[in-house]
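Trainee: turn this into a structure:
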Amino acid sequence: MSKYDVAIIGSGPGGYVAAIRCAQLGMKTAIIEKYSTLGGTCLNVGCIPSKALLSSSHHYEEATKHFEDHGIEIPGEIKVNLEKMIGRKQAVVDQTTGGIDFLMKKNKIDVFTGVGSFKDATHITIKGEETIEIEAKHSIIATGSKPSSLPFITLDKERVITSTEALKLKEIPKHLIIIGGGVIGLELGQVYRRLGAEVTVIEYMDRILPTMDAGLSKELNKVFKKAKCKMMLSHKVQSVERNGDEVTVKAENKKGEVVEFKGDYCLVSVGRKPYTDGLNAEAAGVKLTDRGQVEVNEHLQTSASNIYAIGDVVKGAMLAHKAEEEGTFVAETLAGQKPHIDYNLIPGVVYTWPEVAAVGKTEEELKAEGVAYKAGQFPFRALGRARASGDIDGFVKILADEKTDEVLGVHMIGARCADLIAEAVVAMEFRASAEDISRMSHAHPTFAEAVKEAALAATDDRALHV
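Mentor: From the prediction side, this is the model:
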């Protein structure tokens, strides 16, 4: 029987990063993955493939709607070859997952393919092509999550689908009905709207992106409406029925009226839930919460002292980069170091166009907590760089403590905000004031100038270019 210092169950961003960091710190490391490719949901059927399709569909939209504005004329009809687009997406996935294989070999991490199941706290049975058993002094549970549904919905994965199936459709939907106005639904909705599908988003709450700052929700809602997406807010879905190639969704609006939507595909995008199937956690003395999450303390340690858990399977935001931080945290804890994670500074990003990104407290949260704050906002349309590229939608908003000027939250929607948010994370990690940011030179012309201008606005209402 092979013996290891640490065994990780699950090879998503949390699991594989934990494995690499453990190996770097001198531990004999094994990683167990039930699928034939490493990388988990994120690399195979989540973050990476969705960004590939967002990029491809964005190129198509630019070519059909905006190239002419730039003096670029393409004779003849521009067509979508969906099969080729999906093929490119898969090639990106294959290259990325292959990169994880390389990293495992480079760091001398043993990879086992099969379902990892605890026999007890120090022994794991791996059921793959053959069943084997390994011994591990410490284990890290990184089994991730899977798409949630609603109790009355039957997911046939053909017409009533999850994000996994939406990433490999064989045709562009005529009318895609999306249940859920969160990150995943909006990103995939934008992909297929660009490609020509009619898109209807049905959201239970009174705004899309309900966990983000309300200003961001309002701005992105305008963008989607401008693209002729139907945004049905405050609608409670009651039933989803398939009849041949047609799907009928019934929902109750805020007036109590039942409204009906008919389409050829229905994407159920109502969040994700922890995945622990086959783990046999109880055999190791690992407790689960009522919500199916692995119960952990502030050190990400489970009820079994030698077993830790990270990522989507524990409490907190289901984000790949949060899982990576937790994987590193556990590895360094096992090595006797004193790492830390500030969960308030884990950014959230929506990869629509314009992109949406945020870190820290929202205005709604600050009001609820009774914190006195000031806000500074700057519109992208006032930026020379934004006008030059034609990306004028959006704004940057900085929230700062009214007395100390410390930055408490940064919320942005616009071109390249997925990248711009890192500046806000760095500033807040070092507890910068809005004035600190406003006094740092930002290259001109750049989208990043919006951050400086928003900081000037928050400091003393003294933005320069509005």
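
Trainee: state which strand of the protein is the longest.
Mentor: strand 131-141 (DSSP state E).

Trainee: which secondary structure elements does the helix or strand following that strand contact?
Mentor: Using DSSP states H and E, the helix or strand that follows strand 131-141 in sequence is strand 145-147. Applying 3 or more Cβ pairs under 8 Å, 6 or more residues apart in numbering; DSSP states H and E, one finds that strand 145-147 contacts strand 272-274. Where C-beta positions appear, they are placed from N, C-alpha and C, glycine not excepted.

Trainee: pairing partners for the strand it packs on, with directions?
Mentor: Looking at strand 272-274 with DSSP bridges, its partner strands are strand 145-147 (antiparallel).

Trainee: so what's the residue count around Ser145?
Mentor: A count of neighbours around Ser145, defined by other Cβ atoms under 10 Å, yields 22.

Trainee: can you get me a residue count around the spatially closest residue to it that is not a sequence neighbour?
Mentor: Of all residues not flanking Ser145 in the chain, Asp312 sits nearest, at 3.6 Å (Cβ to Cβ, 6 or more residues apart in numbering). Using other Cβ under 10 Å, Asp312 has 28 other residues around it.

Trainee: go on, Ser433?
Mentor: 18.

Trainee: now the strands for the stretch 251-400 of the chain?
Mentor: 258-263, 265-268, 272-274, 307-309, 348-350, 355-360, 373-379, 395-401 (DSSP state E, counting those that start in this stretch).

Trainee: deepest in the core, which of these is it.
Mentor: strand 307-309 (a mean of 28; mean count of other Cβ atoms under 10 Å).

Trainee: contacts made by that strand with the rest, please.
Mentor: Applying Cβ atoms under 8 Å, 6 or more residues apart in numbering, the contact partners of strand 307-309 are 121, 138-142, 284, 286, 294, 296, 299-302, 330, 333-334.

Trainee: of these, keep whichever come out buried.
Mentor: 121, 138-142, 284, 286, 294, 296, 300-302, 330, 333-334 (16 or more other Cβ atoms under 10 Å).

Trainee: ok, so of those, who is nearest Ala358?
Mentor: Leu300 (24.2 Å; Cβ to Cβ).

Trainee: now the closest one: closest residue in space that isn't a chain neighbour?
Mentor: Closest to Leu300 by Cβ to Cβ, 6+ apart is Tyr308, at 4.9 Å.

Trainee: what distance do you get for that neighbour to Val330?
Mentor: 5 Å (Cβ to Cβ, to the nearest Å).

Trainee: and if you look at Val247?
Mentor: With Cβ to Cβ as the criterion, Val247 and Val330 are 43 Å apart.

Trainee: what's around Gln24, how many residues?
Mentor: 14.

Trainee: in the chain, which residue is closest to the centre?
Mentor: The residue lying closest to the centre of the chain (Cα atoms, centre = their mean) is Leu319, at 5.2 Å.

Trainee: that one against Val350, yeah?
Mentor: No: using Cβ atoms under 8 Å, Leu319 is not in contact with Val350, being 11.6 Å away.

Trainee: shouldn't Ala424 be in contact with Val359?
Mentor: Yes: proximity of Ala424 to Val359 meets the contact threshold set by Cβ under 8 Å, at 5.2 Å.

Trainee: setting the sequence-adjacent residues aside, check what's closest to Thr362.
Mentor: Thr362's closest residue in space is Asp213 (Cβ to Cβ, 6+ apart), at 4.2 Å.

Trainee: quick one: pLDDT of the closest residue to Pro147 other than its chain neighbours?
Mentor: Among residues not flanking Pro147 along the chain, Thr162 sits closest, at 4.0 Å (Cβ to Cβ, 6+ apart). Turning to Thr162, the model gives it a pLDDT of 97.

Trainee: how about the one 10 residues further on?
Mentor: The predicted structure scores Ile172 at 98 on the pLDDT scale.

Trainee: what's the answer for Glu130, then?
Mentor: 95.

Trainee: again with Gly14
Mentor: 98.

Trainee: swap in the one 4 residues further on?
Mentor: Here, the pLDDT recorded for Ala18 equals 98.

Trainee: hang on, isn't Phe380 packed against Gly414?
Mentor: Yes: in this structure, Phe380 is within contact of Gly414 by Cβ under 8 Å, at 4.3 Å.

Trainee: need the overlap of contacts for those two.
Mentor: 354, 386, 391, 393-396, 447, 450.

Trainee: among these, which pair sits farthest apart?
Mentor: Across the shared contacts of Phe380 and Gly414 (Cβ to Cβ), the longest gap, 13.3 Å, separates Asp391 and Val396.

Trainee: contacting residues for the residue nearest to Ser163 when sequence neighbours are not counted?
Mentor: With Cβ to Cβ, 6+ apart as the criterion, Ser163 has its nearest non-adjacent residue at 5.1 Å, and that residue is Ile184. Contacts for Ile184 (Cβ under 8 Å, 6+ apart) come out as 50, 163, 269.

Trainee: contacts only, for the nearest residue to the last one once chain neighbours are set aside.
Mentor: Across the structure, with Cβ to Cβ, 6+ apart as the measure, the residue nearest Ser269 apart from its sequence neighbours is Gly185 (3.4 Å). Contact partners of Gly185, counting by Cβ under 8 Å, 6+ apart, are 178-179, 201, 267, 269.

Trainee: check which residues of the helix ranked longest in the chain are buried.
Mentor: Counting residues, the longest helix found in the chain (DSSP state H) is helix 82-106. If you call a residue buried by 16+ other Cβ under 10 Å, then helix 82-106 has these buried ones: 82, 85-86, 89, 92-93, 96-97, 100, 103-104.
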